[in-house]
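A.B. asks: Requesting a structural model of the entry that follows:
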Amino acid sequence: MTDRIAELADYLQQPDISLTVLADGSGVILDIAASQVITLNDTGTTLAEAMRDGVREFDELTRQLSEEYDVDAATADAEIQAFCDTLSGYLLTTRSKPKA
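C.D. replies: Sure, this is the predicted structure:
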């Protein structure tokens, strides 16, 4: 899981990726290269911000989510897993890897 988090963090730190936090805590990822917009709820926005800011460890994401939303570690872990699954699925369908 940590490898996937690191991969997603790298994605969110790319110069052609823009993360905007809206007034209600939700957010939007604009992927300029893929001409795509990903909408996020407040939990997804919190996770995307943390990854964009350099968090690459599952345990650190769990700690941050647990503190931010006052939830237990199991709930935070499930939210992180769902977020990573969704964002990874997006990357598989919208971004192609260079061919050798």
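A.B. asks: Low-confidence ranges, the protein, go.
C.D. replies: 95-100 (pLDDT under 70).
A.B. asks: Quick check: longest helix in it by residues?
C.D. replies: For the chain, the helix that runs over the most residues, judged by DSSP state H, is helix 73-94.
A.B. asks: Run through the neighbouring helices and strands of that one.
C.D. replies: helix 2-12, strand 36-40, helix 42-52, helix 58-69 (3 or more C-beta pairs under 8 Å, 6 or more residues apart in numbering; DSSP states H and E). Glycine gets a C-beta too; all of them are placed from N, C-alpha and C.
A.B. asks: Reformat those as a markdown table; add distance to residue 24.
C.D. replies: Shown next, in a markdown table, are the helices and strands packed on helix 73-94 (distance: least, C-beta to C-beta, whole Å):
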| stretch | distance to residue 24 |
| --- | --- |
| helix 2-12 | 20 |
| strand 36-40 | 11 |
| helix 42-52 | 7 |
| helix 58-69 | 15 |
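A.B. asks: before we move on, back to that, hey, C-alpha coordinates of the longest helix of the chain in CSV?
C.D. replies: C-alpha atoms of helix 73-94 as CSV (Å, rounded to 0.1, in the frame of the first residue of the first chain):
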residue,chain,number,x,y,z
ALA,A,73,-7.9,3.9,12.9
ALA,A,74,-10.0,1.2,11.2
THR,A,75,-12.4,3.7,9.8
ALA,A,76,-9.5,5.9,8.6
ASP,A,77,-7.8,2.9,7.0
ALA,A,78,-10.9,2.0,5.1
GLU,A,79,-11.3,5.6,3.8
ILE,A,80,-7.6,5.7,2.7
GLN,A,81,-8.0,2.3,0.9
ALA,A,82,-11.1,3.5,-0.9
PHE,A,83,-9.5,6.8,-1.9
CYS,A,84,-6.4,5.1,-3.2
ASP,A,85,-8.4,2.5,-5.1
THR,A,86,-10.5,5.2,-6.8
LEU,A,87,-7.6,7.5,-7.7
SER,A,88,-5.5,4.5,-8.9
GLY,A,89,-8.4,3.4,-11.1
TYR,A,90,-8.7,6.9,-12.5
LEU,A,91,-5.0,6.8,-13.4
LEU,A,92,-5.2,3.4,-15.1
THR,A,93,-8.1,4.6,-17.3
THR,A,94,-7.0,8.2,-18.1
